[in-house]
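Asker: Quick one: sequence plus predicted model below, questions after.
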Amino acid sequence: MTDAVLYDYWRSSASYRVRIALALAGITYDRCALDLLAGDHRSPAHLERNPQGLVPVLEIDGQRFTQSLAILTYLDVTRALGLVSEDPVERAYQEALAQSIAVDLHPVCNLSVASYGASQRNAEPDMRDWMQHFIAPGLASFSRLLDRWSETTYCTGTAPGLADICLIPQLYNARRWGIDLTPFPRLLRVEDICSAHPAFAAAHPDRHRPLGPAR
């Protein structure tokens, strides 16, 4: 047993973010995998952990935290990860960049939101069409915001930051839904750099997928 427990779903973008941060911090944790498609997140036990019925949930330092951005902030402050600049102006720009994915793009691609939205169309529900409608424009906006840091190795600096932690899971999700990423060469360069980093590799969904058919 370890002092940290992460409740997550292997394909969850928000869970992926937290796994990256835990790896960057060198924190060993026990993982409790939930199957969102089977409804594990709506079980009484999980609703006790998080009344929103969402993942991830991180138990660490005697506390129980929800919401990936809040968890990332906690780990950044308590483990000195340097995910955002100490300069308040630069920090605001970096947080805005990360939030363009985590706050604006990701929620409309959340499983429950996308499933409901796709089902409300007059035609047969088309999850792929829903995802493509939102993800490509969202990445285009992120790419334009990233122009502020045109010379950096990672999104906003020489080391992984908050924006990288939000971007990489979204690119994984984009590929899953057949998004053409060729219009975003800078994002692909950042992805290549991050993919070679041990913390990002350790957090990749393929390292955490359940046995049997992917769900």
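Answerer: Now that the structure is in, tell me what you want to look at. Numbering: from 1, shown residues only.

Asker: quick one: the strands in this structure?
Answerer: 5-8, 30-33, 57-60, 63-66 (DSSP state E).

Asker: all helices of this structure, in order?
Answerer: With DSSP state H as the criterion, the chain has helices at 13-25, 44-49, 68-79, 88-99, 106-108, 111-119, 127-145, 162-176, 185-195, 198-203.

Asker: Reformat these as a markdown table; add distance to Leu211, mean neighbour count and mean pLDDT.
Answerer: C-beta coordinates here come from the backbone N, C-alpha and C atoms, glycine included. Supplementary listing: these in a markdown table, determined by distance: least, CB to CB, whole Å; neighbours: other CB atoms under 10 Å; pLDDT from 0 to 100:
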| stretch | distance to Leu211 | mean neighbour count | mean pLDDT |
| --- | --- | --- | --- |
| helix 13-25 | 18 | 25 | 98 |
| helix 44-49 | 22 | 13 | 96 |
| helix 68-79 | 26 | 18 | 98 |
| helix 88-99 | 33 | 16 | 98 |
| helix 106-108 | 27 | 17 | 88 |
| helix 111-119 | 21 | 14 | 76 |
| helix 127-145 | 24 | 17 | 94 |
| helix 162-176 | 19 | 23 | 97 |
| helix 185-195 | 24 | 15 | 98 |
| helix 198-203 | 19 | 16 | 98 |
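
Asker: Could you export those as a markdown table, including distance to Leu58?
Answerer: A markdown table is the format used below for the helices of the chain (distance: least, CB to CB, whole Å):
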| stretch | distance to Leu58 |
| --- | --- |
| helix 13-25 | 6 |
| helix 44-49 | 10 |
| helix 68-79 | 5 |
| helix 88-99 | 18 |
| helix 106-108 | 18 |
| helix 111-119 | 20 |
| helix 127-145 | 25 |
| helix 162-176 | 14 |
| helix 185-195 | 21 |
| helix 198-203 | 13 |
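
Asker: Out of these, flag the one nearest Cys155.
Answerer: Closest approach to Cys155 among the helices of the chain (CB to CB): helix 162-176, 3.8 Å.

Asker: before we move on, back to that, quick one: closest of the helices of the chain to Leu34.
Answerer: Nearest to Leu34, of all these, is helix 44-49, at 6.5 Å by CB to CB.

Asker: Would you mind writing the CA trace of that closest one as CSV?
Answerer: Taking Å, rounded to 0.1, in the frame of the first residue of the first chain, the C-alpha atoms of helix 44-49 are listed here in CSV:
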residue,chain,number,x,y,z
PRO,A,44,-22.9,4.7,-4.0
ALA,A,45,-19.3,4.1,-3.0
HIS,A,46,-18.0,6.5,-5.7
LEU,A,47,-20.7,9.1,-5.1
GLU,A,48,-19.5,9.1,-1.5
ARG,A,49,-16.0,10.0,-2.7
